[in-house]
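Chemist: Here is the input, now give the coordinates:
(one chain, ligands or ions: 2)
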Amino acid sequence: MQTDFLVIGSGIAGLTYALKVAEACPDKTITILTKTQSDETNTKYAQGGIAGVMDFDNDSFEKHIEDTLIAGDGLCNRAVVEIVVKEGVERIKELIEWGANFDKDKEGDYALGREGGHSEFRILHHKDVTGKEMERALLEAIKSKPNIQLISHCFVLDILTQHHLGYLVTKATPTIECYGVYVLNLNTHKIEKIVAKITLLATGGNGQVYRTTTNPAIATGDGVAMVYRAKGRIENMEFIQFHPTALYEPGVRGQNFLITEAVRGDGGILRNHAGEAFMERYDERKDLAPRDIVARAIDNEMKINGTEHVYLDCRHFSKEKFTEHFPNIYDKCISIGIDITKDMIPVSPAAHYSCGGVQTDETGKTSISNLYAAGECACTGLHGANRLASNSLLEAMVFAHRSYLDAVNKINQVAFQQNIPDWKADGTSAPKEMILITQSLKEMKLLMSDYVGIVRNNERLQRANRRLDLLHEETEGLFKRTIVSPQLCELRNMITVAYLIVKSAEFRHESRGLHFNTDYPAKSDKVQNIVL
Ligand code: FAD
Ligand code: SIN
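Modeler: Numbers count the residues shown, from 1 in each chain. Ligands and ions are numbered 1, 2, ... in the order given. Down below sits the predicted model:
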C-alpha cells in the first residue's frame with residue numbers, strides 16, 4: 001500500500017493533523033492507523049480540559065507563559081512555550097469550528113476552570129469529559145474528507161528506514177530517512193508494509209509501563225520505542241508525571257479512574273487519614289501547587305502514615321454544583337458506594353503523562369527525515385521537567401498544525417521508496433505460552449512502580465536497570481522465534497521505554513521537576529536535557 005501522508009494515531013494530534021493536511025491537499029491521500037478502535041486514545045479520557053488564554057481582561061499570554069515556565073522548573077524551551085501559548089488560542093477556535101462544545105456560563109462566556117500551577121482561570125472544558133467531546137468532534141470532522149482513510153485495528157510494528165534496504169544505520173548516520181511502516185493488520189492477520197512519503201507519529205503516552213496509571217491500555221510507548229530502534233533521538237524520558245489524584249480502588253490495575261484536578265480547582269481539599277488538610281505544610285499554593293509537588297506530598301503522607309491512599313474532601317460542595325461540572329465523577333463514585341456529599345474520595349497518585357519523548361524541532365520534525373511527531377509521544381521543549389495541567393491537548397494541536405505546515409510544503413519533493421522488502425517471518429512459530437509475556441509484563445510494571453516512581457535513588461535505579469536487562473534479553477529471544485502479536489510487541493516496546501526512563505534518570509544527577517532522586521536532592525547549576 002502507498003499513501004502520501006501516513007498518520008500513526010487517532011488521538012487529538014493525529015486527527016488534527018490529518019484534517020488540516022486533507023483540507024490543504026485534496027489531491028493527496030492520507031491514511032490514519034490506529035491499533036484498536038478509532039476512539040480508544042488517551043485523548044478520549046481527558047477530563048479537566050484545554051488551557052488557553054480566553055479572558056484577556058483578567059488573563060494574558062505572559063501569565064500563561066510564566067505559569068508554564070514555573071511548572072517546567074527551568075527546563076522548558078522558552079521560545080516553544082511562547083509559540084504554544086500564543087498560537088494555541090487559534091487552534092482552540094478551530095476546534096470549536098470543527099464542532100467541539102465547551103461549557104459556557106449564564107452570560108454566554110466560556111466557563112473557565114482552574115487547575116494546579118495556573119495563576120488564572122483559563123481551562124476550557126466540557127463537563128468532566130472534555131477529551132471525549134474533542135475526540136467525537138474530530139472523528140466526525142474527518143468523515144467529511146474523502147481523501148482520508150482511517151484504518152482501525154492496525155498495529156504498527158516498526159518504521160522503515162535505510163536499515164530495511166540493507167544499509168547499516170547507527171546514531172551517527174547523517175540522514176536517516178523514514179519510508180513508511182510495517183504493520184500487523186489485525187483485520188487480515190497479515191503483516192503488511194505501508195510506504196509513505198511523509199509520516200506523522202502521534203502514538204500518545206506510555207503510562208502502562210507502570211502498575212498504576214490513569215492511561216488506557218493503548219498507552220504503551222510504541223512510537224518512542226520504534227524511533228529508538230530506528231536510531232532516532234529521544235529526549236527527557238525521566239520526567240514521568242504522576243497525577244496526584246487517581247481514584248483508589250483496591251484490586252483495580254490497568255487503568256485507574258481519574259479525579260480531575262479541576263475538582264481541587266473548584267475547592268476540593270486533600271486530607272490525610274487524621275483528617276488534616278496537609279498540603280499547607282508543603283506549599284503555599286496548597287492543593288493547587290504544581291503536580292510534582294502535590295504528588296510527592298501525597299506520597300510522603302502515605303509513607304509516613306503507612307496508608308495506600310489519602311482523601312479528597314468535597315463534602316462542602318452542593319450536590320448541584322458538583323454534578324453540574326463533574327457528572328462523570330459523581331456517577332463513578334456512586335457506582336462504588338461513595339456519595340461525595342457525605343464521604344471523602346480515596347485517592348492516590350498514578351502514572352499519567354510522559355513529558356519526554358521523540359525529540360522534535362519547532363516544526364515537529366524529528367531527527368529522522370520525513371518523520372514528524374506531535375502530541376504526547378513528542379518532546380517539543382514545552383513541558384521541561386514538569387507539564388502544567390491541561391497544556392498537553394494544547395501542545396498536541398499546536399504541533400499538529402506546525403507539522404502540517406512543514407509537511408505540505410515538502411510533500412512534492414519526496415518520492416515513494418520502491419524497494420522495501422516484505423517482513424521476514426522465517427523461523428518463527430506460534431507462541432506456546434502466554435505466561436512468558438504476561439509474567440514479564442507484571443515484573444516490569446512492578447519494578448518500575450517500586451524503583452522508578454515518584455521518589456528515586458541510585459540503588460533503586462541500578463536494580464531496575466539490571467532487572468530490565470534480563471527482561472529485555474528474554475523478550476528479544478521470544479520476539480525472534482515467535483509469530484508477532486500485539487501483546488508481545490507492546491511488551492517489547494514497554495521494556496524499551498522503561499529502559500529509556502531508567503537510563504535518563506541515571507544520567508540526571510540532580511532533582512528537578514518530576515525527577516526526584518534522594519541521592520541528589522538539589523538542583524544542579526547546569527541545565528541540560530538528556531538525549532538518548
Ligand atoms: P492519544 O490520544 O493517546 O492517541 C494515541 C493513538 O496512537 C491511538 O489512536 C493509538 O491507537 C495509536 N497508537 C499507539 N501505538 C500504536 C501502534 N503501535 N500502532 C497503531 N496505532 C498506535 N491533557 C490535557 O491537556 N487536559 C486534560 O484534561 C487531560 N486529562 C487527562 C486525563 C486522563 C485520564 C489522561 C490519561 C490524560 C489526560 N491528559 C490531559 C493528557 C492528554 O489526554 C494526552 O496527552 C493527549 O490526549 C495525547 O494525545 P495524542 O494524540 O498524543 O495521543
Ligand atoms: C486533570 O483533569 O486533572 C488532568 C489534566 C491534565 O492532565 O492536564
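
Chemist: and stretch 175-189, C-alpha only, in PDB?
Modeler: Written as PDB, here are the backbone C-alpha positions of stretch 175-189 (Å, rounded to 0.1, in the frame of the first residue of the first chain):
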ATOM      1  CA  THR A 175      20.500  11.300   7.400                       C
ATOM      2  CA  ILE A 176      18.200   8.600   8.500                       C
ATOM      3  CA  GLU A 177      15.100   8.500   6.300                       C
ATOM      4  CA  CYS A 178      11.600   7.200   7.000                       C
ATOM      5  CA  TYR A 179       9.800   5.400   4.200                       C
ATOM      6  CA  GLY A 180       6.700   4.300   6.000                       C
ATOM      7  CA  VAL A 181       5.900   1.400   8.300                       C
ATOM      8  CA  TYR A 182       5.400  -2.400   8.700                       C
ATOM      9  CA  VAL A 183       2.000  -3.100  10.300                       C
ATOM     10  CA  LEU A 184       0.300  -6.100  11.800                       C
ATOM     11  CA  ASN A 185      -3.200  -5.700  10.200                       C
ATOM     12  CA  LEU A 186      -5.400  -7.300  12.800                       C
ATOM     13  CA  ASN A 187      -8.300  -7.300  10.300                       C
ATOM     14  CA  THR A 188      -6.400  -9.600   7.900                       C
ATOM     15  CA  HIS A 189      -3.900 -11.100  10.400                       C
END
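
Chemist: quick one: buried residues of that stretch?
Modeler: Across stretch 175-189, burial judged by 16 or more other CB atoms under 10 Å covers 176-186. Placement of C-beta: from N, CA and C, glycine included.

Chemist: now these in CSV, with distance to Leu124 and secondary structure?
Modeler: Converted to CSV, the buried residues of stretch 175-189 look like this (distance: CB to CB, whole Å; DSSP: H, G, I helix; E, B strand; the rest coil):
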residue, distance to Leu124, secondary structure
Ile176, 39, coil
Glu177, 39, strand
Cys178, 35, coil
Tyr179, 39, coil
Gly180, 36, strand
Val181, 34, strand
Tyr182, 39, strand
Val183, 35, strand
Leu184, 37, strand
Asn185, 37, strand
Leu186, 35, coil
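
Chemist: of the residues you listed, closest to Ala522?
Modeler: The closest of those to Ala522 turns out to be Ile176 (CB to CB; 37.8 Å).

Chemist: so who does the closest one touch?
Modeler: By CB atoms under 8 Å, 6 or more residues apart in numbering, Ile176 lies in contact with 161-162, 169, 230-232, 367-369.

Chemist: Give the buried residues for stretch 343-361.
Modeler: Buried, per 16+ other CB under 10 Å, within stretch 343-361: 344-360.

Chemist: Any regions of the stretch 51-200 of the chain where pLDDT drops low?
Modeler: Within the stretch 51-200 of the chain, no range satisfies pLDDT under 70.

Chemist: The residue of it found nearest ligand 1: neighbour count?
Modeler: Going by CB to the nearest ligand atom, ligand 1 is nearest to Val156 of the stretch 51-200 of the chain, at 3.6 Å. Val156 has 24 neighbouring residues, counting by other CB atoms under 10 Å.

Chemist: List the neighbouring strands of the strand or helix carrying it plus their orientation.
Modeler: Val156 is part of strand 154-160 when elements are defined by DSSP states H and E. Next to strand 154-160 in the sheet, as set by DSSP bridges, lie strand 180-185 (antiparallel).

Chemist: need the helices for the stretch 401-532 of the chain, in chain order.
Modeler: Taking DSSP state H, counting those that start in this stretch as the test, the helices found in the stretch 401-532 of the chain are 435-451, 458-481, 486-507.

Chemist: winner for burial among those?
Modeler: helix 486-507 (a mean of 22; mean count of other CB atoms under 10 Å).

Chemist: Packing partners of that helix?
Modeler: With contacts taken as 3 or more CB pairs under 8 Å, 6 or more residues apart in numbering; DSSP states H and E, helix 486-507 sits against strand 154-160, helix 222-229, helix 435-451, helix 458-481.

Chemist: Tell me what angle that helix forms with strand 180-185.
Modeler: 130 degrees (axes from the mean of the first three to the mean of the last three CA atoms, to 10 degrees).

Chemist: Specify the angle between helix 486-507 and helix 458-481 in degrees.
Modeler: Using the same axes, to 10 degrees, helix 486-507 lies at 150 degrees relative to helix 458-481.

Chemist: In strands, which of the buried residues of stretch 343-361 fall?
Modeler: Mapping these onto strands (DSSP state E) picks out 345-354, 357-359.

Chemist: Can you convert the helices and strands packed on helix 486-507 into CSV and add a column each for distance to Asn517?
Modeler: Shown next, in CSV, are these (distance: least, CB to CB, whole Å):
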stretch, distance to Asn517
strand 154-160, 33
helix 222-229, 22
helix 435-451, 12
helix 458-481, 7
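
Chemist: Quick one: closest of the ones you listed to Asn256.
Modeler: helix 435-451 (12.1 Å).

Chemist: who are the neighbours of that closest one, in terms of helices and strands?
Modeler: Against helix 435-451 (3+ CB pairs under 8 Å, 6+ apart) you get helix 458-481, helix 486-507.

Chemist: Now distance to ligand 2 too, for these, in a markdown table please.
Modeler: Shown next, in a markdown table, are the helices and strands packed on helix 435-451 (distance: least, CB to the nearest ligand atom, whole Å):
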| stretch | distance to ligand 2 |
| --- | --- |
| helix 458-481 | 25 |
| helix 486-507 | 19 |
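
Chemist: could those helices be laid out in a markdown table, adding mean pLDDT?
Modeler: A markdown table is the format used below for these (pLDDT from 0 to 100):
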| stretch | mean pLDDT |
| --- | --- |
| helix 458-481 | 96 |
| helix 486-507 | 98 |
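
Chemist: out of these, which comes closest to Met226?
Modeler: helix 486-507 (7.4 Å).

Chemist: That closest one versus helix 222-229: what angle between them?
Modeler: 70 degrees.

Chemist: Give the buried residues for stretch 31-42.
Modeler: Quick answer for stretch 31-42 (16+ other CB under 10 Å): 31-36, 38-42.

Chemist: excluding its backbone neighbours, what's nearest Thr199?
Modeler: Leu6 (4.5 Å; CB to CB, 6 or more residues apart in numbering).

Chemist: gap between that neighbour and ligand 1?
Modeler: 11 Å (CB to the nearest ligand atom, to the nearest Å).

Chemist: what lines up beside the helix or strand that residue falls within in the sheet?
Modeler: Leu6 belongs to strand 2-8 when assigned by DSSP H and E. If you go by DSSP bridges, strand 2-8 pairs up with strand 30-33 (parallel), strand 190-201 (parallel).

Chemist: right, is stretch 36-51 up against ligand 1?
Modeler: Yes. Shown here: stretch 36-51 in contact with ligand 1 (CB under 6 Å from any ligand atom) through 36, 41-43, 45-50.

Chemist: In these, which has the lowest confidence score?
Modeler: Within the residues of stretch 36-51 next to ligand 1, Gly48 has the lowest pLDDT, namely 90.

Chemist: And the residue of the chain that's closest to ligand 2?
Modeler: Gly48 (2.6 Å).

Chemist: For Pro250, see how far away that residue is.
Modeler: 25 Å (CB to CB, to the nearest Å).

Chemist: Of those two, which one has the most company?
Modeler: Higher neighbour count among Gly48 and Pro250: Gly48, with 24 against 7, using other CB under 10 Å.

Chemist: Distance of the more buried one relative to Leu514?
Modeler: In terms of CB to CB, Gly48 sits 18 Å off from Leu514.

Chemist: swap in Thr482?
Modeler: Thr482 is 35 Å from Leu514, by CB to CB.

Chemist: Out of these two, name the residue with the larger neighbour count.
Modeler: Higher neighbour count among Thr482 and Leu514: Leu514, with 28 against 17, using other CB under 10 Å.

Chemist: ok, that one - contacts?
Modeler: By CB under 8 Å, 6+ apart, the neighbours of Leu514 are 238-242, 291-292, 355, 385-386.
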